[in-house]
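S.K.: return atomic coordinates for the entry below.
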Amino acid sequence: MSDSGPLRLAIIIGSTRNGRFGPTAAAWFAAQARKRHDLEVDLIDLAEARLPDTLADHDEEAPEQVRALGPRLTAADAFAVVTPEYNRSFPAPLKTAIDWFYEEWRAKPVTFVAYGRESGGLHATAHLREVFAELHAVAIRAAVSLPCYWELYASDGSWPRPTANCNTAVKVVLDELTWWGHALRDARAKRPYTH
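M.R.: Predicted structure coming up:
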């Protein structure tokens, strides 16, 4: 029988860099998601998770940090990855975090909140779509792209300005992510995904 409760949305801050913008974008996205009654939000900051850079071999026990994060990813019905674009791709700590896990991503929808210069993080998003496809996750079409995100600060220092396009885009993203989240959660309940 399928779960009829709210979807559990894990929002992952993919940058660990000093002075990063990721927490600002993630907090905004989380606030938008929390306005909905059909979503429960778990905000995961990779800077706080402190996952090891070196992956364990298949027969080695996972480090404590990996064991701590695993249940949060397993509990998620959907993911939103907040990522900058560095040199036309996404940051290494995000790739390491993705690679520490496998089953946790399978048959679950993923969207992106990407930021950068003029490209708005679209190169990073394109690479992430390929990575998540390999892990049998479903990267949905809708995503938030934030080109030149620093221009979206309001005069009072808040982010983003009320007139920013991302305020409209986020509703489309959350609607689509929620649809896929329910569809895939129901499908996993009826027929476990074993590929």
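
S.K.: ok, now which ones touch the closest residue to Asp53 other than its chain neighbours?
M.R.: Spatial nearest neighbour of Asp53, chain neighbours left out: Thr96 (5.9 Å); criterion: C-beta to C-beta, 6 or more residues apart in numbering. Glycine gets a C-beta too; all of them are placed from N, C-alpha and C. Shown here is Thr96, whose contacts under the criterion C-beta atoms under 8 Å, 6 or more residues apart in numbering are 51-53, 55.

S.K.: show me just the buried residues among those.
M.R.: Buried residues within these, counting neighbours by 16 or more other C-beta atoms under 10 Å: Leu51.

S.K.: host element of Gln32?
M.R.: Using DSSP states H and E, Gln32 falls within helix 22-34.

S.K.: likewise Ala107?
M.R.: Counting by DSSP H and E, no helix or strand carries Ala107.

S.K.: cool, Arg188 as well?
M.R.: Judged by DSSP H and E, Arg188 forms part of helix 166-190.

S.K.: quick one: that helix to helix 22-34, angle?
M.R.: 70 degrees (axes from the mean of the first three to the mean of the last three C-alpha atoms, to 10 degrees).

S.K.: ok, residues contacting helix 166-190?
M.R.: So helix 166-190 is in contact with 1-3, 7, 9, 28-29, 32-33, 36, 38-39, 77-78, 80, 107-109, 111, 138, 140-146, 152, 160, 193, going by C-beta under 8 Å, 6+ apart.

S.K.: need the CA coordinates for stretch 113-128. PDB is fine.
M.R.: Output of stretch 113-128 as PDB, limited to C-alpha atoms (Å, rounded to 0.1, in the frame of the first residue of the first chain):
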ATOM      1  CA  VAL A 113      19.000  24.700  -7.900                       C
ATOM      2  CA  ALA A 114      22.100  25.800  -9.800                       C
ATOM      3  CA  TYR A 115      23.900  29.100  -9.700                       C
ATOM      4  CA  GLY A 116      26.900  30.700 -11.400                       C
ATOM      5  CA  ARG A 117      27.800  33.300 -13.800                       C
ATOM      6  CA  GLU A 118      25.900  33.800 -17.100                       C
ATOM      7  CA  SER A 119      25.200  30.100 -17.500                       C
ATOM      8  CA  GLY A 120      23.300  30.000 -14.300                       C
ATOM      9  CA  GLY A 121      24.800  26.600 -13.400                       C
ATOM     10  CA  LEU A 122      23.400  24.800 -16.400                       C
ATOM     11  CA  HIS A 123      26.700  23.100 -17.300                       C
ATOM     12  CA  ALA A 124      26.800  21.700 -13.700                       C
ATOM     13  CA  THR A 125      23.200  20.600 -14.000                       C
ATOM     14  CA  ALA A 126      23.800  18.800 -17.300                       C
ATOM     15  CA  HIS A 127      26.700  16.800 -15.800                       C
ATOM     16  CA  LEU A 128      24.600  16.000 -12.700                       C
END
